[in-house]
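# Everything below, folded, please.
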Amino acid sequence: MSDARRAALHGAFKDTGYVVRPHPLVGDRKHVLRVDALHPELDAALTAHRFTTWAFLTAWNPRAHARPLRTNARLQQRLLALLEARGHPSVSAVGVAEDRRWFEESLFVPGLSRDEALRFGRLFDQEAVLWGAVGGAAELVMCREPAHS
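A predicted model of the protein is given here:
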C-alpha cells in the first residue's frame, strides 16, 4: 500500500464515528466513540460491569478494499462466532464515515485486551482497530506495519 493511501485511510479512520448501539453492557444507550477522545459515560457503564478495557472490531472490507455485502456479512458472522467461542461478549456497533458515504458493521467488545484486539484485527486482515481502557482516550491501533524499503 502506498504511503499516500495509508495516510488517507488513517485520516478516514480518525474522522470515523464509532457507534455502539444501545445494550445493557453499555448502559442501554448509544455511544459515539472518536479516536483520541475520552468517553466517560461509556467508562461508567463498563466499570459497573467490571470491565476495564474494550475494543471496536469489524471483519468488513479486509485490507481496506470494498467487498460485496454478502461477503462482509459472512466475515462478520465468523468474527462474532470466534468471539463467542472464546467467551467474549459483544455489542452491535457500526463505523460511519464523517460524510456518511460508507459504513462498516462492527462489534464493540468489552474486556478485550489491546493484544487480543490487535490479533483479531490481523486475523481478519484489518488495517486498524479501535481500543480503549477505562479512563483513557480511544486509541487507533494499526494492525499492518508499513513496508520498509
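
# so what does the lengthiest helix in the chain touch, helix or strand wise?
Longest helix of the chain, by residue count under DSSP state H: helix 69-85. Using 3 or more CB pairs under 8 Å, 6 or more residues apart in numbering; DSSP states H and E as the contact test, the elements touching helix 69-85 are strand 103-110, helix 114-123. Every C-beta, even on glycine, is put in place using the N, C-alpha and C of the backbone.

# now the shortest one and helix 114-123, what's the angle there?
Looking back up the chat, that one is strand 103-110. Interaxial angle of strand 103-110 relative to helix 114-123 (axes from the mean of the first three to the mean of the last three CA atoms, to 10 degrees): 150 degrees.

# By mean pLDDT, point me to the weakest helix or strand of the protein.
Sorting the helices and strands of the chain by mean pLDDT, DSSP states H and E puts helix 3-15 at the bottom, at a mean of 81.

# Now do that helix: everything it contacts.
Val35, Asp36, Ala64, Ala97, Glu98, Glu127, Ala128, Leu140, Met142, Pro146 (CB atoms under 8 Å, 6 or more residues apart in numbering).

# Only alpha carbons, please: show it as PDB.
Output in PDB follows, covering the C-alpha atoms of helix 3-15 (Å, rounded to 0.1, in the frame of the first residue of the first chain):
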ATOM      1  CA  ASP A   3       2.200   5.900   1.800                       C
ATOM      2  CA  ALA A   4      -0.500   8.300   0.300                       C
ATOM      3  CA  ARG A   5      -3.200   5.600   0.600                       C
ATOM      4  CA  ARG A   6      -2.100   4.700   4.100                       C
ATOM      5  CA  ALA A   7      -2.300   8.400   5.100                       C
ATOM      6  CA  ALA A   8      -5.700   8.800   3.600                       C
ATOM      7  CA  LEU A   9      -7.000   5.700   5.400                       C
ATOM      8  CA  HIS A  10      -5.600   6.900   8.600                       C
ATOM      9  CA  GLY A  11      -7.300  10.200   8.200                       C
ATOM     10  CA  ALA A  12     -10.600   8.500   7.400                       C
ATOM     11  CA  PHE A  13     -10.300   6.300  10.500                       C
ATOM     12  CA  LYS A  14      -9.600   9.300  12.700                       C
ATOM     13  CA  ASP A  15     -12.700  11.000  11.300                       C
END
